[in-house]
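# what follows is a predicted structure for the sequence shown.
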Amino acid sequence: MKPARSILITGASSGIGRALALAYARPGVALALTGRDDDRLAAVAAAARGQGAEVETGVLDVRDQAAVAQWIAELDQRRPLDLAVANAGITTGLAPSEIREDPQAVRAVLGANLIGVLNTVEPLIGPMCARGRGQLAFVGSMAGLRGLPYAPAYSAAKAAVHTYAESLRGRLEPRGVRVSLIIAGFVKTPLNARIEAMKPFELSDAEAARIIRRGLDRGQAVVAFPWQLYLATRLARALPARLIDKIMARIEVNVPETQERVP
C-alpha cells in the first residue's frame with residue numbers, strides 16, 4: 001500500500017491516539033486530530049507540527065453525530081482522507097464486590113465506544129468508495145474476543161466494533177477501501193492506568209503505535225498484539241465456556257466506574 005498522507009485520528013489527545021499521531025507525524029503528512037480536551041489536543045498538535053506534519057484539530061465529542069459528520073465531510077472535501085482511525089473511547093467496569101454496572105455508565109460507554117465509531121466512519125464510506133481507495137481502521141480490544149466479567153459494557157461495545165469492522169471489510173474491500181481491525185491488549189495509557197489488575201505483556205503507547213502503524217501500512221485485516229495474549233484469548237474460546245468462567249472468576253480485577261454520562 002502507498003503510505004497514507006491524509007490521516008484522521010479520533011481520541012488523539014492522549015493514549016494510543018496521541019501516540020499514533022506522533023508516529024505518523026512527518027513532512028508531507030496532514031493530520032486531522034480530534035479530542036475533547038482543548039489543551040491536551042493543542043499540545044499533541046504542536047508536537048506533531050514540530051515533527052513536520054500539517055495538523056488540523058477539532059474539539060469534538062464523537063457521540064455528537066451531526067457535529068462529527070459535518071467536520072469530517074468538510075475535511076474530506078478539502079483534502080480527501082487516505083486513512084481514518086476510529087480510536088476514541090472510554091472504559092468502565094466493576095469492583096470485585098459489585099455485580100451490576102451503573103446503567104448510565106453503560107450507556108456512556110456504548111455511546112462513545114460504539115456509536116462514536118459509527119459516527120466516525122459513516123461519513124467516509126461513500127466518499128472513499130467513490131474514489132476507490134482509502135482505509136478505515138477500528139481500535140478494538142482483547143475484550144471484544146471474550147466477554148470480561150469485570151467489564152461487561154466495555155466488552156459488549158468492543159465485540160460490536162469487531163463484528164462491524166469484519167462486516168464492512170467484506171463489503172468495502174471489493175470497492176477499493178481497506179478495513180483494518182486493531183485488537184489491542186494492555187497498553188500503558190491514562191485509560192488503563194486506573195485499572196487494578198495483572199496486565200500481562202503490557203506495552204508502552206509508543207510501542208503499540210509502532211505496531212499499529214506497521215500493520216496499517218501493510219493493509220492487514222487484523223492487527224493484534226501482543227501475540228501471546230491474542231493467541232491465549234483465541235484458544236480460550238475453544239474451551240468449555242463455564243471452565244473459562246471459573247478461571248476468570250478467580251482473577252481479581254478492579255475497573256473504576258466511568259464518570260462519563262450520556263449528554
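Alright, I've got the coordinates. Numbers count the residues shown, from 1 in each chain.
# give me the next element, helix or strand, following the lowest-mean-pLDDT helix or strand in the chain.
Least confident helix or strand, the chain: helix 190-193 with a mean of 83, by mean pLDDT, DSSP states H and E. For helix 190-193, the succeeding helix or strand toward the C-terminus, using DSSP states H and E, is strand 203-204.
# from the contact counts, what lies against that following strand?
Counting contacts by 3 or more Cβ pairs under 8 Å, 6 or more residues apart in numbering; DSSP states H and E, strand 203-204 is packed against strand 187-188. In this view, the C-beta of every residue, glycine as well, is placed from N, C-alpha and C.
# buried sites along the least confident helix or strand of the chain?
Across helix 190-193, burial judged by 16 or more other Cβ atoms under 10 Å covers 191-192.
# and for stretch 196-210?
Buried residues in stretch 196-210 (16+ other Cβ under 10 Å): 203, 205, 208-210.
# residue 167 and residue 160, how far apart?
Relative to residue 160, residue 167 is positioned 10 Å away (Cβ to Cβ, to the nearest Å).
# what's the answer for residue 199, then?
Relative to residue 160, residue 199 is positioned 24 Å away (Cβ to Cβ).
# just to revisit the earlier point, ok, residue 167 and residue 160, which is more surrounded?
Comparing residue 167 with residue 160 by other Cβ atoms under 10 Å, the one with more neighbours is residue 160, at 18 against 11.
# these two touch, right, that one and residue 114?
Yes: in this structure, residue 160 is within contact of residue 114 by Cβ atoms under 8 Å, at 5.2 Å.
# all helices for the protein, in order.
15-24, 38-50, 65-78, 103-110, 116-131, 152-172, 190-193, 205-217, 227-236, 241-249 (DSSP state H).
# buried set for the third one?
The neighbour-count check on helix 65-78 (16+ other Cβ under 10 Å) flags 68, 71-72, 75-76 as buried.
# mind putting those residues in CSV, pLDDT and distance to residue 150 included?
As requested, the buried residues of helix 65-78 are arranged in CSV below (pLDDT from 0 to 100; distance: Cβ to Cβ, whole Å):
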residue, pLDDT, distance to residue 150
68, 98, 30
71, 98, 35
72, 98, 34
75, 96, 38
76, 97, 39
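# can you name the residues in contact with the least confident helix or strand of the chain?
Helix 190-193 has contacts (Cβ atoms under 8 Å, 6 or more residues apart in numbering) with 14-15, 89-91, 186, 199.
# and that helix, how far from the chain's centre?
Its chain's average C-alpha position is 14 Å from that of helix 190-193, according to Cα atoms, centre = their mean, to the nearest Å.
# same question, stretch 16-33
15 Å.
# who's in contact with residue 120?
Contacts of residue 120 by Cβ under 8 Å, 6+ apart are 8, 10, 62, 68, 72, 84, 86, 88.
# number of nearby residues for the residue lying closest to residue 152 once chain neighbours are set aside?
Distance criterion Cβ to Cβ, 6 or more residues apart in numbering; nearest residue to residue 152, sequence neighbours excluded, is residue 101 at 6.1 Å. Number of residues near residue 101 (other Cβ under 10 Å) recorded here: 21.
# ramachandran angles for residue 101?
Dihedral pair for residue 101: phi -80, psi 150, per degrees, to the nearest 10.
# can I assume it is in contact with residue 153?
Yes: with contact defined as Cβ under 8 Å, residue 101 and residue 153 form a contacting pair (5.6 Å).
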